[in-house]
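Chemist: Kindly return the folded structure for what I paste below:
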Amino acid sequence: MSVTVRVPAKVNVQLAVGGARPDGFHDLANVFLAVGLYDEVTVTPADTLRVTCEGPDAAQVPLDRTNLAARAVEKLAARTGREAHVHIHIDKDIPVAGGMAGGSADGAGALLACDALWGTGATREELLDICAELGSDVPFSLVGGAALGTGRGEKLRVLEVGGTFHWVFAVADGGLSTPAVYGEFDRLNEGVEVPEPVASGGLLEALAKGDATALAAVLSNDLQAAALSLRPSLARTLAAGTDAGALAALVSGSGPTTAFLVRDAEAAVKVADALVVSGTCRAARVAAGPVPGAVVL
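Modeler: Predicted structure coming up:
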């Protein structure tokens, strides 16, 4: 018997970052939107815990116990008194190390898949607790839709969304390390009093109304300057998408994937084609959101 879970990518339509805390984390006001790019995670009983992966850039995915999918299975097994003896197979379509929470998605997917495989009877709250232990973005991968994450991003409040938003994602060559981007954020803000992160009222209203033009005016990412400092070439990608007619452009999370909000599905195809022709990215993907979080297929 096998269980497969489909789990989406995310884009941060607002990522407000506070100063570094004593524990090294940062307080966030992180507005997540789940979008229709998916990984599929399949778990099958096995003699030991092992991870395999296929898809674009699968060679960059760790297959040892550092993989969030493996860690999720180990945590659920420990809580339920089982051996973590499963084969986890990841069919990967979310860009790797691209700022779209692909690793977090795999953690949430493996957790939900093993919960179903083993019939643990864990509550939603218990699964979310495990997700929060795994990482700041993991709980949202389980929930999906749209949500405001506070604390280090793991405390979620589900948000209402009044329509569908259309996006183009430009995939860069290589990845950016999230800790390195936060480290650059700290360096750039050394000696500066970083304000407490607060969700934008205008942004939440634009989401609730499903108003793409209003949302485009208030998209923000406090990590963008740090990502551009580490990868200056991303500025040319952002300019190429904006010149092609995108309503707004920003770095997705810690990057290096760049996100372009567009008016509709037709505009998304046009902007994606222009980005590929510009030569400023490796690939361009079209997706819409919000979409549900992790689901058993």
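
Chemist: confidence score at the closest residue to Gly135 other than its chain neighbours?
Modeler: Spatial nearest neighbour of Gly135, chain neighbours left out: Ser104 (5.5 Å); criterion: CB to CB, 6 or more residues apart in numbering. Just so you know, the C-beta spots here come from the backbone N, C-alpha and C atoms, and that holds for glycine as well. Looking at Ser104, its pLDDT is 96.

Chemist: Where does Ser104 sit, in terms of helix or strand?
Modeler: Element membership for Ser104 (DSSP states H and E) is helix 102-118.

Chemist: Buried residues, that helix. List them.
Modeler: Neighbour-count burial for helix 102-118, counted by 16 or more other CB atoms under 10 Å, picks out 102-115, 117-118.

Chemist: pretty sure Leu28 is in a strand, no?
Modeler: Yes. The assignment for Leu28 (DSSP: H, G, I helix; E, B strand; the rest coil) places it in a strand.

Chemist: for the residue nearest to it when sequence neighbours are not counted, what are its contacts?
Modeler: Distances taken as CB to CB, 6+ apart place Gly153 nearest to Leu28, at 4.7 Å, with adjacent residues excluded. Counting by CB atoms under 8 Å, 6 or more residues apart in numbering, Gly153 touches 28, 30, 136-137, 140.

Chemist: Considering those residues, which possesses the most neighbours?
Modeler: Tallying neighbours with other CB atoms under 10 Å puts Phe140 at the head of the contacts of Gly153, with 31 neighbours.

Chemist: Can you give me every residue that contacts that residue?
Modeler: Taking CB under 8 Å, 6+ apart as the test, what Phe140 contacts is 10, 32, 34, 101, 104, 147, 149, 153, 156, 293.

Chemist: would you say it is within a helix?
Modeler: Yes. Judged by three-state DSSP, Phe140 forms part of a helix.

Chemist: Check the residue of the chain most remote from its centre and give its pLDDT.
Modeler: Farthest-out residue of the chain from its mean C-alpha position, per CA atoms, centre = their mean: Asp47, at 31.6 Å. The predicted local distance difference test score for Asp47 is 97.

Chemist: one step back: my guess is the residue nearest to Gly135 contacts Leu142, does it?
Modeler: No. Judged on CB atoms under 8 Å, Ser104 makes no contact with Leu142 at a distance of 9.3 Å.

Chemist: burial of Gln60, as a residue count?
Modeler: Gln60: 13 surrounding residues under other CB under 10 Å.
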